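[1] curious how this folds, go ahead:
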Amino acid sequence: MKFHQIKYVAEIARCGSINKAAAKLFVSQSSISSALKELEAEIKIPIFKRSNQGVELTAEGRQFLSYANSLLERKEYIESLYASTHVEPEAQFSISTQRYPFAVDAFVNLVNRTRNPRFNFTIRETSMDKVIDDVYTSISDLGVIFTSNLTEKIIKRFLHNRNIEFHLLKKIQPCVYVRKGHPLSGRKSLRAEELNDYIYMAFEHKQGESIDFAEEFNLIPARQPSRVIVVNDRATAVNIVCNTDVVSTGSGLLLEEFMDSRIMSIPLEDYGDKMRLGWIKLKNRPLSSEAEQFVEMLQESIDNAILFTEQVRAAAQSDKGTG
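    Numbers count the residues shown, from 1 in each chain. Below you'll find the predicted structure:
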């Protein structure tokens, strides 16, 4: 199969006639007819039905042309792409992350600071097991996850078996997410057992998956909540927190541009464990310049989130004092 044969088929289908197609392509009718006959013999299907009124695509021909047109389009794209003497290489970067606003912030900053006229960037917010799987299968260049004292051994063994390395960014005191106006919102800190009277919100994870891969900070050995809401995306989680008295646990980091102003976080007091926020990549795989920039911006975004979160808590305490 040759590209000129596919081009002939496409033109014949447009014109409805071999003669008209030959005239448009400036080739002889016999050349087109011969090329068409050879192609039909090679792929073993009749592409056109001939009649006195002209030619018409067969069912097999319509299917063939649907595939063939995409090949022609890609050929034309590649030809136009390299028609100039110099082509700027396309920048490519892909990140998979647990549902962290600071990761989105870093990604946005990367997009805004990229000067390459051609790039293809991807961000996926998903569960921890999927983040790890995306990095392992090279769907993503980097992943953003967390470990803790309780989960570190299992997760790091899991990463090691997949030739993935973990790079620590920050150790964070685990926190509780609540809405402003929640019965617990005026507290400076909380104990894990104080959450038992409230509905607990968690992100969905695969059936049978270990709790070590949960999105939320694990409160074991605290009593497991008797009422749980399960969600699978961050927008839904935000809406539920803002409109109910649910509680959820996590890093507690807030960013003004990426978080609803009705949400706040409260540290879990006297909790010996910490969240270790970090990024992962395949071992021995060098970082691209885009990946290096993203890691720098990720650290910057976390630092900014820490400052903003402290400001939100200070304002909440101030409102409580004046209320």
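[2] from here on, contacts and neighbour counts on C-alpha atoms
    OK.
[3] mind listing the strands for the stretch 201-323 of the chain?
    228-231, 248-250, 263-267, 275-282 (DSSP state E, counting those that start in this stretch).
[4] tell me which of those strands approaches Val144 most closely.
    strand 275-282 (4.4 Å; Cα to Cα).
[5] figure out the helix or strand that the residue nearest to Ile18 when sequence neighbours are not counted lives in.
    Closest residue to Ile18 apart from its sequence neighbours, by Cα to Cα, 6 or more residues apart in numbering: Ile12 at 5.5 Å. Here Ile12 sits within helix 3-15, counting by DSSP states H and E.
[6] so which elements touch that helix?
    Helix 3-15 sits against helix 18-25, helix 29-43, strand 54-57, helix 59-81, with contacts defined as 3 or more Cα pairs under 8 Å, 6 or more residues apart in numbering; DSSP states H and E.
[7] quick check: end-to-end length of stretch 93-107?
    Its start and end residues considered, stretch 93-107 measures 10 Å (Cα to Cα, to the nearest Å).
[8] picking that back up, export the helices and strands packed on helix 3-15 to CSV and tack on mean neighbour count, distance to Arg162 and mean pLDDT?
    Output for the helices and strands packed on helix 3-15, formatted as CSV (neighbours: other Cα atoms under 10 Å; distance: least, Cα to Cα, whole Å; pLDDT from 0 to 100):
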stretch, mean neighbour count, distance to Arg162, mean pLDDT
helix 18-25, 17, 55, 87
helix 29-43, 15, 43, 89
strand 54-57, 18, 50, 85
helix 59-81, 13, 35, 84
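[9] what lies in contact with stretch 142-154?
    Residues from elsewhere that reach stretch 142-154, judged by Cα atoms under 8 Å, 6 or more residues apart in numbering: 94-98, 103, 128, 131-132, 134-135, 155, 212-213, 218, 273-281, 291.
[10] I'd assumed Lys7 was in contact with Leu36.
    No - the criterion here is Cα atoms under 8 Å, and Leu36 misses it with Lys7 at 10.3 Å.
[11] helices along the protein, start to end?
    3-15, 18-25, 29-43, 59-81, 101-113, 128-136, 152-161, 234-243, 289-322 (DSSP state H).
[12] a markdown table for these, including distance to Thr249?
    Compiled in a markdown table, the helices of the chain are given as follows (distance: least, Cα to Cα, whole Å):
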| stretch | distance to Thr249 |
| --- | --- |
| helix 3-15 | 58 |
| helix 18-25 | 67 |
| helix 29-43 | 60 |
| helix 59-81 | 48 |
| helix 101-113 | 15 |
| helix 128-136 | 15 |
| helix 152-161 | 18 |
| helix 234-243 | 11 |
| helix 289-322 | 15 |
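[13] coming back round to it: and the strands of the stretch 201-323 of the chain: which comes nearest Ile199?
    Among those, strand 228-231 sits nearest to Ile199 (Cα to Cα), with 5.6 Å.
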